[in-house]
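>>> Build me a model:
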Amino acid sequence: MKKIKLMDIAHARSGDKGDGSNVGLIAYTDAGYDIIREQVTADRVKQHYHKICLGSVDRYEMPNLKALNFILHDSLGGGGTESIKTDAQGKTHGMGILSMEVEVPDDFAG
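Below is the predicted model:
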């Protein structure tokens, strides 16, 4: 097994939902989707964002899009109109998830 970053098998989009950020992780291939569906759990995402996500993390699967969607509750300091955070809309949270590592077989082609 080897470790790779999610950016090698997926892309992401993110934005705000009130005081929570919405992070979509979209695999490029079916094989990549199988990896993210298995390894990118709500608990792992919560740990990955532990410094900014003060609430729970919800995960939704969208297999027809090869995607997972995460809601990071209480992660924006009150939301876009109330927060003094630099990224009050969570636009960088999608890029942040792509640095998370997953394990794949040595011969994984993506």
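>>> pLDDT score for Asp74?
At Asp74, the model reports a pLDDT of 87.
>>> Which helix or strand contains it?
Assigned by DSSP states H and E, Asp74 belongs to no helix or strand.
>>> pull the longest helix from this protein.
Assignment by DSSP state H gives helix 30-39 as the longest helix of the chain.
>>> Low-confidence stretches in this structure?
77-91 (pLDDT under 70).
>>> Which parts of it are strands?
2-5, 10-17, 20-27, 57-62, 67-72, 101-104 (DSSP state E).
>>> okay if I get these as a markdown table plus mean neighbour count and distance to Gln47?
Every residue, glycine included, has its C-beta placed from N, CA and C. Listed next are the strands of the chain as a markdown table, based on neighbours: other C-beta atoms under 10 Å; distance: least, C-beta to C-beta, whole Å:
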| stretch | mean neighbour count | distance to Gln47 |
| --- | --- | --- |
| strand 2-5 | 12 | 16 |
| strand 10-17 | 18 | 17 |
| strand 20-27 | 23 | 14 |
| strand 57-62 | 15 | 9 |
| strand 67-72 | 23 | 12 |
| strand 101-104 | 17 | 12 |
